[in-house]
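S.K.: can't give you the sequence, but here's the structure:
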């Protein structure tokens, strides 16, 4: 059986097509399209007309791609930008009418649960307390687990598209702007940082998005060409990329080997958030994985 999942996120719409046989899953195709649902209207929780058009066209193309691969079951999952948009039904109804597929608009806790399942599919069971961080355009999911048990999770409506609409960042960012973001992230994510310390978390698992770009920058590979199920990242290597990014201008970031053009702005606050978590939780080890929500949905489909 061939199945497909479309993860309609705030920045990108991500498609994965897989074959399912005897509880084993084999990835056949992965692709993404830039939809930028979190454009200038995100602060008002509105999907702009241009963003509606981009998302509808992207999802329609991805449904056609999935069907060309022979997918008999296609699920479309929508997250932060759609769930918080006052006009979300303009998009979800249009997709349902044209493609015959109901868009599943999930809440933040369910999003965190699916991300956790996707990461487990990639990493397996880690014996030590670990924190999973998925940095999105509309929300960030922080999940704590140990020995295959989910201990704590929360979805914060502080995705990077929301951040850059709320906090103007100079080019390059100034020291005062970086400090202001650090203080904001510490305030908003305080409970997550406390839980990390309470559970003795020392390992950070960064999934998809900004962490894919981090890996591409470290390996000097073209953006999103190499798909990594797991990559270990030292704190020293993270620190070098972090310092390079926060000191750079947009023009300089564009020229960096491995930089995804979609993330030239978003990567700055994303790495500041990651650095803030590392400092507050006392992280000693970082693992990057390309697996996230869409693979979690695949895992759910396997079980059912």
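M.R.: That came through fine. Quick caveat, the model's predicted, so the values are computed rather than measured.

S.K.: switch to C-alpha atoms for all contacts and neighbour counts from now on
M.R.: Will do.

S.K.: What are the structural domain limits within the protein?
M.R.: 2-106, 121-293 (automatic domain parsing).

S.K.: so how far is residue 293 from residue 118?
M.R.: Residue 118 sits 6 Å away from residue 293, going by Cα to Cα, to the nearest Å.

S.K.: Name the residue in these two with the higher neighbour count.
M.R.: residue 293 (28 against 25; other Cα atoms under 10 Å).

S.K.: Only the buried residues of the helix or strand containing residue 77, if you could.
M.R.: Using DSSP states H and E, residue 77 maps to strand 73-78. For strand 73-78, the neighbour count (16 or more other Cα atoms under 10 Å) marks 74, 75, 76, 77, 78 as buried.

S.K.: what's near enough to touch the second one?
M.R.: Okay, so that is residue 75. Applying Cα atoms under 8 Å, 6 or more residues apart in numbering to residue 75 gives the contacts 4, 5, 6, 101, 102, 103, 104.

S.K.: Settle this for me: the fifth one is touching residue 76, isn't it.
M.R.: Put plainly, it is residue 102. Yes. Taking Cα atoms under 8 Å as the definition, residue 102 is a contact partner of residue 76 at 7.2 Å.

S.K.: where does residue 112 fall, phi/psi-wise?
M.R.: Phi and psi for residue 112, reported as degrees, to the nearest 10, are phi -60, psi -40.

S.K.: Just give me the closest of the contacts of residue 75 to residue 224.
M.R.: Residue 224 lies nearest to residue 6 out of the contacts of residue 75, by Cα to Cα, at 17.0 Å.

S.K.: Off-centre distance for the longest helix along the chain?
M.R.: Counting residues, the longest helix found in the chain (DSSP state H) is helix 49-68. Here helix 49-68 is found 19 Å from its chain centre; the criterion is Cα atoms, centre = their mean, to the nearest Å.

S.K.: Burial check on residue 26, number of neighbours?
M.R.: 11.

S.K.: those helices in the chain, which residues are they?
M.R.: Using DSSP H, helices in the chain cover 49-68, 80-83, 88-99, 108-123, 160-166, 175-188, 190-198, 209-219, 235-246, 250-254, 267-281, 293-303.

S.K.: Nearest to residue 216 among the contacts of residue 75?
M.R.: Nearest to residue 216 out of those is residue 6 (Cα to Cα; 23.2 Å).

S.K.: So what pairs up with that closest one in the strands?
M.R.: residue 15, residue 76 (DSSP bridges).

S.K.: tell me the contacts of it?
M.R.: 13, 14, 15, 16, 59, 62, 74, 75, 76, 77, 294 are the contacts of residue 6 under Cα under 8 Å, 6+ apart.

S.K.: switch the cut-off to 6 Å
M.R.: 14, 15, 76 (Cα atoms under 6 Å, 6 or more residues apart in numbering).

S.K.: got it, and residue 54?
M.R.: Here residue 54 is in contact with residue 35 (Cα under 6 Å, 6+ apart).

S.K.: On the pLDDT front, check it for me.
M.R.: Note on residue 54: pLDDT of 97.

S.K.: how near is it to residue 242?
M.R.: Counting by Cα to Cα - residue 54 and residue 242 are separated by 31 Å.

S.K.: ok, now residue 70?
M.R.: Counting by Cα to Cα, the gap from residue 70 to residue 242 is 42 Å.

S.K.: What of residue 16?
M.R.: Counting by Cα to Cα - residue 16 and residue 242 are separated by 30 Å.

S.K.: Could you do residue 227 as well?
M.R.: 21 Å.

S.K.: So for the two, which sits in the more crowded spot?
M.R.: residue 242 (19 against 15).

S.K.: ok now do that one, which residues does it touch?
M.R.: Applying Cα under 6 Å, 6+ apart to residue 242 gives no contacts.

S.K.: ok, now with 7 Å
M.R.: Residue 242 makes contact with residue 271, according to Cα atoms under 7 Å, 6 or more residues apart in numbering.

S.K.: these two touch, right, residue 206 and residue 292?
M.R.: No. Using Cα atoms under 7 Å as the test, residue 206 is too far from residue 292 to be in contact (9.4 Å).

S.K.: pLDDT on stretch 198-208, on average?
M.R.: pLDDT averaged over stretch 198-208 gives 96.

S.K.: buried ones in that stretch?
M.R.: 199, 200, 201, 202, 203, 204, 205, 206, 207, 208.

S.K.: and which of the residues you listed is nearest residue 112?
M.R.: residue 207 (11.7 Å).

S.K.: who touches the nearest residue to the closest one once chain neighbours are set aside in this structure?
M.R.: Distance criterion Cα to Cα, 6 or more residues apart in numbering; nearest residue to residue 207, sequence neighbours excluded, is residue 289 at 4.9 Å. Neighbouring residues of residue 289 by Cα under 7 Å, 6+ apart: 206, 207, 208, 228, 229, 230, 231.
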